[in-house]
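Q: predicted model and sequence below, questions to follow.
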Amino acid sequence: MDPSKIKILIAEDEEDIRELIHFNLFKEKFSVETASNGAEALEKAKQIRPDLMLLDIMMPEMDGLEVCRLIRADRNFDNTGIVILTAKGDEEDIVKGLELGADDYIVKPFSPKVVIARVNAVLRRRVKDQPSIEPIFEIYGIKIDGPKRKVFIDDKEISLTFTEFQILSLLSMKAGWVFTRSQIVDTVRGDNHAVTDRSVDVQIVGLRKKLEDKGDLIETVRGVGYRFKETAD
């Protein structure tokens, strides 16, 4: 992974923090762009197609969570990593960012070394999870097209976030296997992630809802985690 070929966009309205992050990423030889508000970040993202975005939550014009939502709704950014920067460290804010498809989050105040480590971790996972190595897989009328990162139910496409797609792929391709919440988070997002029951449970609830009649194929194993049914009813 050549850092000089990696484009990173920093969206942060506090100039001192923005410049600090920029300096440290630039020192690592990344190609770095900055934005001082959410609207500017979205516009620059469309222009440069970054490999990774660092998004502050509290920004003028458009907050980081809204930028995250819009980026994850645009298939042109399927391979763009997102790290949320936030001064709000309570679980609700973290869960909301992950629900919207962020790959990681960093709570302020933070060490520049932590930012570099998290950025590199997300980039490594994104390279490892490139869709070209994923198969086309079908089970019980659900077709998972890994190369195109698309999911179809009885030939009708459904829209999933990056995280929902990863969870569905993990569970369905190992039907019958029970995965703990920690295993799900480690597989989808990598090690050293804060794991809470709620962060996984919320993703599963959303995924079941989007799967509609197929939602009950994802079973809760009380006290353990989740599994995909080995045989359909």
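A: Alright, I've got the coordinates.

Q: what domains does the record give for this structure?
A: 3-128, 131-228 (automatic domain parsing).

Q: could you give the mean pLDDT of the last one?
A: Confidence over domain 131-228, taken as the mean pLDDT, stands at 82.

Q: again with the longest one
A: Across domain 3-128, the average pLDDT comes to 88.

Q: centre of the chain versus it, how much separation?
A: Its chain's C-alpha centre and that of domain 3-128 lie 11 Å apart, by C-alpha atoms, centre = their mean, to the nearest Å.

Q: returning to that earlier point: turn the domains of the chain into JSON lines, columns for mean neighbour count.
A: In short, each C-beta sits where N, CA and C put it, glycine included. Shown next, in JSON lines, are the domains of the chain (neighbours: other C-beta atoms under 10 Å):
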{"stretch": "domain 3-128", "mean neighbour count": "18"}
{"stretch": "domain 131-228", "mean neighbour count": "16"}
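
Q: all helices for the chain, in order.
A: 15-27, 38-48, 64-72, 91-99, 112-128, 162-172, 181-189, 197-211 (DSSP state H).

Q: out of those helices, which gets nearest to residue 2?
A: helix 112-128 (11.0 Å; C-beta to C-beta).

Q: CA atoms only for the closest one, dumped as CSV, please.
A: Extracted C-alpha coordinates of helix 112-128, given in CSV (Å, rounded to 0.1, in the frame of the first residue of the first chain):
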residue,chain,number,x,y,z
PRO,A,112,-2.0,11.8,16.3
LYS,A,113,-0.4,8.4,16.6
VAL,A,114,-3.9,6.9,17.3
VAL,A,115,-5.3,8.7,14.2
ILE,A,116,-2.5,7.3,12.0
ALA,A,117,-3.0,3.8,13.5
ARG,A,118,-6.8,3.8,12.9
VAL,A,119,-6.4,5.2,9.4
ASN,A,120,-3.9,2.5,8.5
ALA,A,121,-6.2,-0.2,10.0
VAL,A,122,-9.2,0.9,8.0
LEU,A,123,-7.2,1.1,4.8
ARG,A,124,-5.8,-2.4,5.4
ARG,A,125,-9.2,-3.8,5.9
ARG,A,126,-10.5,-2.1,2.8
VAL,A,127,-7.8,-3.6,0.7
LYS,A,128,-8.3,-7.0,2.3
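
Q: what's the angle from it to helix 162-172?
A: Relative orientation of helix 112-128 versus helix 162-172 (axes from the mean of the first three to the mean of the last three C-alpha atoms, to 10 degrees): 50 degrees.

Q: what helices or strands is helix 112-128 leaning on?
A: helix 15-27, strand 52-56, strand 81-86, strand 104-107 (3 or more C-beta pairs under 8 Å, 6 or more residues apart in numbering; DSSP states H and E).

Q: now with 10 Å?
A: In this structure, helix 112-128 makes packing contacts with strand 7-11, helix 15-27, strand 52-56, strand 81-86, strand 104-107, helix 181-189, judged by 3 or more C-beta pairs under 10 Å, 6 or more residues apart in numbering; DSSP states H and E.
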